[in-house]
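K.L.:
Have a look at this prediction, sequence included:
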Amino acid sequence: MNGEELTEQETALYDRQIRVWGVDAQRRLSKSHIFVSGLKGTAVEFCKNIVLAGVGSLTLNDDNPVTEEALAANFLIPFDENMGGGGSIAELCCDSLKDFNPMVHVSVEKGDLSSFDVDFFEKFDVVVISCCLLAAKKSVNEKCRKLSKRVAFYSVDCRYSCGEIFVDLHKYSYMKKKADETVECQLQYPSFEEAIAIPWRSLPKRVSKLYFAMRVVERFEEVERRKPGETSVDDLTNVLKLRNELCLAHSLNESQIPDSLLERLVVSPKEFPPVSAVLGGILGQEVIKAISGKGDPLKNFFFFDAVDGKGVIEDISTP
Amino acid sequence: MASGQESSAIKACNLTILCIYCKYSGAKVLMVGAGGIGCELLKTLALSGFQDIHIIDMDTIEVSNLNRQFLFRQSHVGQSKAKVARDAVLRFRPQISITPYHANVKDPDFNVDFFKQFNVILNGLDNLDARRHVNRLCLAAGVPLVESGTTGFLGQVTVHIKGQTECYECQPKPAPKTYPVCTITSTPSKFVHCIVWAKDLLFAKLFGDKNQDNDLNVRSNDTASSSSDHSEDVFERKKDEDIEQYGKRIFNHVFGHNIESALSNEETWKNRNKPRPIYVKDVFSDETFQQNGNVDKMAETDNNNNNLSNVSAMTYLGLKNPQEIWSLLESSRVFFAALKLFFSKRQKEVGNLSFDKDDHLAVEFVTAAANIRAASFGIPLHSLFEAKGIAGNIVHAVATTNAIIAGLIVIEAIKVLRNDANNCRMTYCLEHPARKMLLMPVEPFEPNKSCYVCSETPLLLEVNTQRAKLRDVVEKVVISKLGMNLPLITHGSSLLYEVGDDLDQDMVANYEANLEKVLSELPYAITGGTVITVEDLQQELVCNINIKHREEFDEEKEPDGMVLHGWTQQAPAAENKDTTAATNGGGATTSTTSKSAPNISEEDDDDLTILEAGIETISPSKKRKLSDLSNPEEKRAKKIPNDDIILMLDDDISKQ
Ligand SMILES: [Zn+2]
């Protein structure tokens, strides 16, 4: 949407970040188009970051009406006794985000995520989905991969005090300085479906326990036909039962997925705001890296647990 | 809150160390700083259920804040950060109480009693000075401190609890970079040296206080001329001298004459490239100089422009792109245009100006002058954008890192409030993963027993007691190194020096006189073996300093002419010699903007190369093996469960 050179206004506004990633990266950012579906606390954090960074456009998708809970977790929606006067979450977020940075084109796309076809995603450079069920995650990821142009796919989920980011950049090459020379690096990403199909036994020994725990809860939501994230501590017995079945099938010791960890994941449908801030920040950085071609992108899972404070990258792919 | 929800929440409490229904929501917290980290922090605190938040920030909002300080809008430019941040957060969380203070945290109102009312203090500051001040008040008030900093993609959060963990000043902090005077005045080898010269010497001399000390060569007869009438200050503008003539004279003096006289000292240039003197006639033909002169007229005609802060030499010269590198000719034109604009449009300020990175005309002038000097010394020229970063000590900042760090601050604050200090961690946000981690928690360290701030360890000052004045000790040690705000110096029971509003005039005069006295000639002489006590009543910090007399000091290595031992600041970035690093500490001869981030990462050759490449526009962090470091760090190393660790000391961490 801009010419070759940044305008004076852009240079003044983005001064501090241009000093970090350079003019070229800023130019690429301002031409990129981002799609985000599922606007709970973490996705909202991401939207804020990416709008401030100065992307070209951001398209929001979340038809849910504003509830008291949504209001409590979302700093983009001004407090309103009338719950936003009937507007959807996406519509209300859109108004605030536009205000953050008038240079970014923010809009709303109505409709159910699963109803969008392959062509729909071609308009974007980056697709981010949050709080959706396993089937939707797989299907959107596949649609992005079917396109001839590369559409970077990310999913982000926050389960109370823990979170997960998944990244699929398909085939990705970037320039990286090594010593004095610049070399081209190539990365090959598996799809979400491919990644989670890898037998647990064959994963490296010290893979984050959160990886397994997230798979158990995700599967639980699917078989129980829950809305994403709609679990409570009452579900724990059944979640533990499912954990045992999955561990048996994968020949994994049950102790790899501790009861206490699963309990923490299912105990509340809420996203713990500090964890959302961390996940939204990491995801923002990754998207900026992928668009600008600067820096090593994350491959392909990131986990954060507020209790131990670790933010860990895991490469879950067949070698 | 529904009761079902409550019961599951209480259950949750037993499971997790973090719970949003726990008593911490009744806590009273103080945030210091409403900038990049501050905006994110205030938002995350409010969302997390904090009900009573106080926030101090003396700054007002600027355009370059808007890309990351998301609570602010264009229409807020010029308003108090603390107040606007409060209003913005109350829009989505009107039920909570936020108390803003548009003030300096070093104001006496914010004393120990003020700090005592809070359960925890959260720092989102941008300078070492204020950080040290808050550290001392937290220690004095016995209130835990969560400290933070970011630069680019790097950041850290640390927790400081008196008696349990190290205080903010237990470990060395990288000093603001300083340069030997002669490097700046005679032998620059990097662009940053030219910037420091243009900003701290030339700009200060032309537009600042005429009476201040300045190392710029201002006499026209420094070489051989015997004629005494040439020894006047060339910077003195003669009566009725038109500004064009004056500018030419200054240009020829500083870029021509001074270089020429420096060249006469053969010894200096034995192992260095000789500089080239540049006179006005070398750059301009008469004709082109006349064209430049029109700037004046254009400036005159533009009387609608009442906003003096918008006066720009670039605009008048038709130079648009701040990323572009000007030629020597363009730099010279900007030099003359900026000089003229200062003397025609901003005449009233001349004599009182000090360099400010947000003063566009000042940045233009400094960029131009630095480039001309660089051309003279064969140093590559730089764009205004780059020069501004160096001159203004602009810290690199992105919104994402601030958001992450703010999240981590809240997590640590909650642990502190739940009396769960054992689970507190120092967390580093890395750009490249170390042991698979992008966010790396490390156990906090125990207090450093020889820390002069949180233990009562005496310091040792080596000084020439027959030459150094009390003023030197106050300025170079008490204020700049010990970071005291309102110092009081005693020798035995006698007061030598004191600062405060409530002193009577006789006392003030007495102290002023003492300042100018040599140590050994003070009413209560300070000589070798004397112990003086330095304290700051506001910070409730007392230090004893043992004095040791020493005759000689190395001008290059010990430019202060005195050496303080037992004080934990690390020597000014000695090994850090590459130019990009200088960008951060750059121009820091007058700067106090320096924060430290020891970032810990694995020692892995690949990792290191990437780290440097990935952040090429920010400081390649200094890398030192832990084994090379002094004892305190070695002690630190043992706690990290990996042998192959290096400690990254970043020169400068961000204006959040
Ligand atoms: Zn200490």
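P.N.:
Okay, I see it. Residues are numbered from 1 along each chain as shown, chains lettered A, B, ... in the order given.
K.L.:
neighbours around residue A:198, how many?
P.N.:
By other C-beta atoms under 10 Å in any protein chain shown, 14 other residues sit near residue A:198. In this view, the C-beta of every residue, glycine as well, is placed from N, C-alpha and C.
K.L.:
residue contacts, the closest residue to residue B:483 other than its chain neighbours?
P.N.:
Among residues not flanking residue B:483 along the chain, residue B:132 sits closest, at 4.1 Å (C-beta to C-beta, 6 or more residues apart in numbering or on different chains). Shown in contact with residue B:132 (C-beta atoms under 8 Å, 6 or more residues apart in numbering or on different chains): B:168, B:169, B:453, B:483.
K.L.:
residues from chain B in reach of the ion?
P.N.:
Contacts of chain B with the ion, taken as C-beta under 5 Å from the ion, map to B:167, B:170, B:451, B:453, B:454.
K.L.:
try it again with 8 Å
P.N.:
Residues of chain B found near the ion (C-beta under 8 Å from the ion) are B:135, B:139, B:166-170, B:447-448, B:451-455.
K.L.:
circling back: can you flag which of the contacts of residue B:132 belong to helices?
P.N.:
Using DSSP state H, no member of the contacts of residue B:132 sits in helices.
K.L.:
what two of those residues are the furthest from one another?
P.N.:
B:168 and B:483 (10.6 Å; C-beta to C-beta).
K.L.:
Whichever residue of the stretch 401-550 of chain B sits closest to chain A in helix, strand or coil?
P.N.:
Going by C-beta to the nearest C-beta, chain A is nearest to residue B:439 of the stretch 401-550 of chain B, at 2.8 Å. Judged by DSSP: H, G, I helix; E, B strand; the rest coil, the three-state class of residue B:439 is strand.
K.L.:
got the contact list for it?
P.N.:
A:278, A:304, A:309, A:310, A:311, B:404, B:408, B:427, B:428, B:429, B:430.
K.L.:
Over to residue B:93?
P.N.:
Residue B:93 neighbours (C-beta under 8 Å, 6+ apart): A:75, A:79, B:46, B:47.
K.L.:
ok so, going back, from the residues of chain B next to the ion, list the buried ones, please.
P.N.:
B:135, B:139, B:166-170, B:447-448, B:451-454 (16 or more other C-beta atoms under 10 Å in any protein chain shown).
K.L.:
pLDDT score assigned to the spatially closest residue to the residue of the stretch 401-550 of chain B closest to chain A that is not a sequence neighbour?
P.N.:
Excluding the flanking residues, the one nearest residue B:439 by C-beta to C-beta, 6+ apart is residue A:311, at 2.8 Å. pLDDT recorded at residue A:311 is 97.
K.L.:
Pretty sure residue A:311 sits against residue A:301.
P.N.:
No. With contact defined as C-beta atoms under 8 Å, residue A:311 does not reach residue A:301; the gap is 11.5 Å.
K.L.:
Looking at those two, which one has more neighbours?
P.N.:
More crowded of residue A:311 and residue A:301, by other C-beta under 10 Å: residue A:311, with 28 against 23.
K.L.:
Where do the strands of chain A begin and end?
P.N.:
With strands called from DSSP state E, chain A shows them at A:33-37, A:57-61, A:105-108, A:126-130, A:152-159, A:162-168, A:171-178, A:181-188, A:301-305, A:311-314.
K.L.:
Just give me the lowest mean pLDDT stretch among the ones you listed.
P.N.:
If you rank the strands of chain A by mean pLDDT, strand A:171-178 sits at the bottom with a mean of 83.
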